[in-house]
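> Let's see this in three dimensions:
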Amino acid sequence: MSIQDEALAAMVSNALCQDKRIGGQAIAVRVTRGEVFLKGVVDSEEVRDLAVLVAMGIPGVRYVSVAELRVKGKTE
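Numbering: from 1, shown residues only. Coordinates of the predicted model:
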């Protein structure tokens with residue numbers, strides 16, 4: 001992970017924590033070459049979608065993957 005990716009991961013994590021609609025959800029952030037990967041468990045699909053919108057709003061984010069971001073109680 002480059003220094004730029006580390007900074008981007010910190011900004012995305014901070015934005016997710018600061019958003020009152022998402023705060024408290026267990027979301028881990030990993031960034032590789034501007035691509036953000038969100039992992040964890042959220043309460044609803046709305047929260048998952050919102051996490052994508054928040055992450056995409058950070059300058060430098062090129063793509064957001066939620067393949068590892070699960071909705072509580074939902075099996076896929």
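
> ok, and what's touching the longest helix that the chain contains?
In the chain, taking DSSP state H as the definition, the longest helix is helix 3-18. Counting by C-beta atoms under 8 Å, 6 or more residues apart in numbering, helix 3-18 makes contact with 1, 22-23, 25, 27, 29-34, 36, 51, 54-55, 57-58, 60-61, all of which sit outside it. Quick note: C-beta positions are derived from backbone N, CA and C, even for glycine.

> Ok, stretch 24-41 next?
1-2, 5-6, 8-9, 12-13, 16, 42-43, 47, 51-52, 55, 60-72.

> Give me the buried positions along that stretch.
25, 27, 29, 31, 36-38, 40-41 (16 or more other C-beta atoms under 10 Å).

> For the residues you listed, give me a markdown table that also has secondary structure.
Shown next, in a markdown table, are those (DSSP: H, G, I helix; E, B strand; the rest coil):
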| residue | secondary structure |
| --- | --- |
| Q25 | coil |
| I27 | strand |
| V29 | strand |
| V31 | strand |
| V36 | strand |
| F37 | strand |
| L38 | strand |
| G40 | strand |
| V41 | strand |
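
> I'd like the residues you listed laid out as JSON lines, including pLDDT.
Formatted as JSON lines, those follow (pLDDT from 0 to 100):
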{"residue": "Q25", "pLDDT": "86"}
{"residue": "I27", "pLDDT": "94"}
{"residue": "V29", "pLDDT": "97"}
{"residue": "V31", "pLDDT": "97"}
{"residue": "V36", "pLDDT": "98"}
{"residue": "F37", "pLDDT": "98"}
{"residue": "L38", "pLDDT": "98"}
{"residue": "G40", "pLDDT": "96"}
{"residue": "V41", "pLDDT": "93"}
